[in-house]
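Visitor: Model the following, please.
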Amino acid sequence: MNTTQPFSALLVLCLLCFTPGAAHAFSPSLSYEYAPGQHINYRVIGEGKKKILMLHGLGASSHTWDTLLQHWQPPSGYQLILFDLIGFGFSSKHAQADHSVLANARVINRFIRDHQIDDYVLVGHSFGGGVALMATFERLQENTVLPKALLLINAAAYESEFPLFVATLRTPLLNRLVLALLSPEQLASFTLKRLFHDDAKITAQVIERYAFFMAMPGHDQTLIQTAEQVVPENLEAYLPFYAHFKLPALVIWGAQDQTIPLIYGERLAEELPQSQLAVISDCGHLPQTECPQQTANHIETFLKGLSR
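Guide: Here you go, the predicted structure:
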């Protein structure tokens, strides 16, 4: 990667100007303590014995799914559980917390065990997709109940060149400087413009949804630590196990994703033995927000197929 890119980005960022609209009234929901003094926040929508566990991407929160939920509701018999991963959203923020993919996967698996969930679908976007894959790998190794299906949206499944935002967060001193100089609204606006294919779809409401949580104390530290730990150690050792995930999987990908290009989605769909690939045209890294109706249609069709 060109080492001058983060510095060029800083100059661009400092010139941004954004006037926020009215603030959203977000508030904590339910809390699951996974270690003394450490908890993850989660939201529950609907009722049903079947669960759909939804895991967000780097820098986001459980509210990354809000636009999608305006176009799609869980089918009868399903309950949604939307998580704030370690350090994000309203989850606790500890300077020494482990924010890695593996740490998040183990917390989700502990939640599943403690709540005696045995009929569930794992949904993960980007970093959350990596968490869903790792959680499935851990359960496969432990010979415990696997998810009924995986639903992976622009998932971080392989090592690739870091996008500019992540590369900047992984650069000492520069990461602190950028986060100190920019308002949460500026940071959210700049980042979303690199995640969306069509900038016109980035509304003030979407920017505020991200900026609200970026303004929280401890969020900067969480961003930096998660970016530093975003690639699991010995990742190559895990990849052959994708072939052993003998469960239905839907891989959804934005065709114009510049963060994790489509080639990785195609590879993932090939390596998961019971998967299908749904490519959404004119869409970037956030299909659930940029192209919510198409994403909802693919999810709805996939879930109906599970019940046949």
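Visitor: Show me where the stretch 151-300 of the chain has its helices.
Guide: For the stretch 151-300 of the chain, helices defined by DSSP state H, counting those that start in this stretch occupy the ranges 164-169, 174-181, 184-195, 204-214, 219-228, 235-238, 262-271, 287-290, 292-306.
Visitor: May I see the ones you listed organised as JSON lines, with mean pLDDT and distance to L82 added?
Guide: Where you see a C-beta, it was placed from the backbone N, CA and C, and this is true even at glycine. Below are those laid out as JSON lines (pLDDT from 0 to 100; distance: least, CB to CB, whole Å):
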{"stretch": "helix 164-169", "mean pLDDT": "79", "distance to L82": "23"}
{"stretch": "helix 174-181", "mean pLDDT": "85", "distance to L82": "26"}
{"stretch": "helix 184-195", "mean pLDDT": "93", "distance to L82": "19"}
{"stretch": "helix 204-214", "mean pLDDT": "95", "distance to L82": "13"}
{"stretch": "helix 219-228", "mean pLDDT": "86", "distance to L82": "18"}
{"stretch": "helix 235-238", "mean pLDDT": "80", "distance to L82": "26"}
{"stretch": "helix 262-271", "mean pLDDT": "97", "distance to L82": "23"}
{"stretch": "helix 287-290", "mean pLDDT": "98", "distance to L82": "11"}
{"stretch": "helix 292-306", "mean pLDDT": "96", "distance to L82": "14"}
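Visitor: Just checking, which helix or strand of the protein averages the lowest pLDDT?
Guide: Every helix and strand of the chain was ranked by mean pLDDT, DSSP states H and E. The lowest is helix 5-14, at a mean of 36.
Visitor: So for the very next helix or strand once past that helix, what gets flagged as buried?
Guide: Sequence-wise, the next helix or strand downstream of helix 5-14 (DSSP states H and E) is strand 30-35. By 16 or more other CB atoms under 10 Å, the buried positions in strand 30-35 come out as Y32, Y34.
Visitor: Counting neighbours, which bits of whichever helix or strand comes after strand 30-35 end up buried?
Guide: As assigned by DSSP H and E, the chain's next helix or strand after strand 30-35 is strand 38-45. Within strand 38-45, the residues that qualify as buried are Q38, H39, I40, N41, Y42, R43, I45, counting by 16+ other CB under 10 Å.
Visitor: Tell me which two of the residues you listed sit farthest apart.
Guide: Greatest spacing in these, by CB to CB: Q38 and I45 (24.4 Å).
Visitor: Figure out the helix or strand that the one residue sitting closest to the centre of the chain lives in.
Guide: Taking CA atoms, centre = their mean, the centroid of the chain lies closest to G57, which sits 1.9 Å from it. For G57, there is no host helix or strand (DSSP H and E).
Visitor: Leaving out the residues flanking it, which one is nearest to it?
Guide: S126 (3.2 Å; CB to CB, 6 or more residues apart in numbering).
Visitor: Looks like the one you found contacts L152 (just checking).
Guide: No - counting by CB atoms under 8 Å, S126 does not reach L152; the two are 9.5 Å apart.
Visitor: Who has more neighbours out of these two?
Guide: Using other CB atoms under 10 Å, the more surrounded residue of S126 and L152 is L152, with 29 against 26.
Visitor: For that one, which residues are in contact?
Guide: Shown in contact with L152 (CB atoms under 8 Å, 6 or more residues apart in numbering): V123, G124, G129, A132, L133, A249, L250, V251, I252, L268.
Visitor: try 10 Å this time
Guide: Taking CB atoms under 10 Å, 6 or more residues apart in numbering, we find L152 in contact with 55, 122-126, 128-130, 132-133, 249-253, 265, 268-269, 272, 275, 277.
Visitor: got it, and N109?
Guide: N109 sits next to M134, A135, T136, E138, R139, E142, T144 when contact means CB under 10 Å, 6+ apart.
Visitor: make it 8 Å
Guide: Going by CB under 8 Å, 6+ apart, the list of residues near N109 reads A135, E138, R139, T144.
Visitor: Pull up the gap between it and T171, please.
Guide: 32 Å (CB to CB, to the nearest Å).
Visitor: Same question for L250.
Guide: According to CB to CB, L250 and T171 sit 35 Å apart.
Visitor: doesn't F111 make contact with Y34?
Guide: Yes - contact criterion CB under 8 Å: Y34 and F111 qualify, at 7.4 Å.
Visitor: what sits in contact with each of those two?
Guide: I40.
Visitor: if we can go back for a sec, ok, the residue nearest to the centre of the chain - contacts?
Guide: Contacts of G57 (CB under 8 Å, 6+ apart): T64, H125, S126, F127, G128, G129, A156, L286.
Visitor: what do you get for G77?
Guide: G77 touches G48, K49, K50, counting by CB under 8 Å, 6+ apart.
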